[in-house]
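Asks: have a look at this fold, sequence not included:
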């Protein structure tokens, strides 16, 4: 009997434990409780249980009415499952520090074991070793997430030379073949000539001078290759002529033994049109400025130079169109009046021309003649009380006075009156028909 009662109590206790839901947090907002442990795990507020499936049972509670019980476990899906209720609560991860790897870093949740990882985010920190033309450089980096330090190799620097023609590197003394750029002009000294490199001065094609014809009184001796004067002209005693030698550029005293010119000077003239030099008598081609500067009289016209006044031979006038009553006859070149304009007699053409004040006739030349003011008649009164006057000569009309305002009866009032009359007539007709057809004292 006692054994049966004990078994019954154990069964009731197990059922009550299965009916209690597992909760991930207590009422004070504490972290969720993970009930699965390996060995010797001690749960908050309960008894330590050691075994294959560690559970927290009995009267163990955390934070008020929150109860942790049953087979609550924390699995790989970062959730906490509670008992037979089937409720699942997400884990609020609490990660530890990052664990760096070669290219990545990772960390684990201290509650559920969930692992988070990512690639390093490298940030340049400093140049550890500057590159040279013989050694690679090194750049230092640090991961902005896990603070892991890393390095990167930097390509070698190019060789350093003084100029494009320098053979040896200034750092490692590496030898290269220079690329000279030789000038096309000759450089020279008293004995040799050469083409220099425009960068470093290296000499190309160096050679002795090649003498030209021997020096004379008229000609020095030059190198036929580079043009260096090797020997000056031989000494010469000038013997100048007593008379001036001249050409278009000027005049001078010439040496009989060379081309030396003594006392060279430009020609001297009185003005720009003076043909003869005042010093040597050289005659030049003058350039008069005639243009269209005409002078004229009744006999003809001629051009005069605007500088010196010299004139060209006179020429006869060239008559233009014959004179009319509006235009004189002129020479087409100089503008001299050959014949005056004819006397014009005005003659009226057509009827009267008129404006608001006068009437007149027009002449063929466009001039108005016979102009006089209008002569008005007694006038005619119009229906609007204005008066219209007519000129007794040209028929021009003029109206005076303000027109009388006429009353215009509104159309809508007329329509309204017609509608009222029609309505009254219709009403009278209906009343008449009613009275006529009604039996009684009105019926005869």
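Replies: Cool, got the structure. This one's a predicted model, so the numbers in the text were calculated from it and none came from an experiment.
Asks: all the strands of the stretch 251-400 of the chain, in order from the start?
Replies: Listed from the start of the chain, the stretch 251-400 of the chain has strands (DSSP state E, counting those that start in this stretch) covering 251-254, 261-265, 294-296, 301-303, 329-330, 337-339, 348-354, 358-363, 368-373, 380-381, 387-390, 397-400.
Asks: dump these to CSV, plus mean neighbour count and distance to residue 174.
Replies: C-betas here are computed from N, CA, C, even on glycine. Below are the strands of the stretch 251-400 of the chain laid out as CSV (neighbours: other Cβ atoms under 10 Å; distance: least, Cβ to Cβ, whole Å):
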stretch, mean neighbour count, distance to residue 174
strand 251-254, 19, 68
strand 261-265, 13, 64
strand 294-296, 15, 89
strand 301-303, 19, 86
strand 329-330, 18, 96
strand 337-339, 14, 100
strand 348-354, 13, 110
strand 358-363, 18, 109
strand 368-373, 12, 109
strand 380-381, 11, 125
strand 387-390, 15, 120
strand 397-400, 12, 116
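Asks: out of these, which gets nearest to residue 191?
Replies: strand 261-265 (35.2 Å; Cβ to Cβ).
Asks: domain map for the protein?
Replies: As recorded under automatic domain parsing, the domains making up the chain are 1-24+34-40+53-91, 99-154, 288-344, 348-400.
Asks: ok, of the ones you listed, where does mean pLDDT dip lowest?
Replies: Of all the domains of the chain, the segment with the smallest mean pLDDT is domain 1-24+34-40+53-91, scoring a mean of 44.
Asks: nearest to residue 194, of the domains of the chain?
Replies: Per Cβ to Cβ, nearest to residue 194 of these: domain 99-154, 33.2 Å.
Asks: do you know which of the strands of the stretch 251-400 of the chain lies nearest residue 103?
Replies: Nearest of the strands of the stretch 251-400 of the chain (Cβ to Cβ): strand 261-265, 92.3 Å.
Asks: state which helix of this structure is the longest.
Replies: helix 411-437 (DSSP state H).
Asks: run the chain-centre distance for that one.
Replies: 83 Å (Cα atoms, centre = their mean, to the nearest Å).
Asks: for that helix, what is the average pLDDT?
Replies: Computed over helix 411-437, the average pLDDT equals 87.
Asks: what's the answer for stretch 170-186, then?
Replies: In this model, stretch 170-186 carries a mean pLDDT of 86.
Asks: who's in contact with that stretch?
Replies: For stretch 170-186, contacts defined as Cβ atoms under 8 Å, 6 or more residues apart in numbering pick out 132-134, 159-162, 164-169, 193-200, 202, 204-205, 225-227.
Asks: residue 310 is in contact with residue 295, isn't it?
Replies: No: in this structure, residue 310 is not within contact of residue 295 by Cβ atoms under 8 Å, at 11.9 Å.
Asks: need the overlap of contacts for those two.
Replies: Joint contacts of residue 310 and residue 295 (Cβ under 8 Å, 6+ apart) are residue 304.
Asks: same question for stretch 95-108: list its buried residues.
Replies: 98, 100, 104, 105, 107, 108 (16 or more other Cβ atoms under 10 Å).
Asks: among those residues, name the ones in strands.
Replies: With DSSP state E as the criterion, strands contain 100, 104, 105, 107, 108 from among the buried residues of stretch 95-108.
Asks: list the beta-bridge partners for the first one.
Replies: Spelled out, that is residue 100. residue 105 (DSSP bridges).
Asks: and residue 315, how many neighbours does it have?
Replies: Using other Cβ atoms under 10 Å, residue 315 has 15 neighbouring residues.
Asks: not counting sequence-adjacent ones, nearest residue to it?
Replies: Here the nearest residue to residue 315 in space, its sequence neighbours aside, is residue 300; by Cβ to Cβ, 6 or more residues apart in numbering that works out to 5.5 Å.
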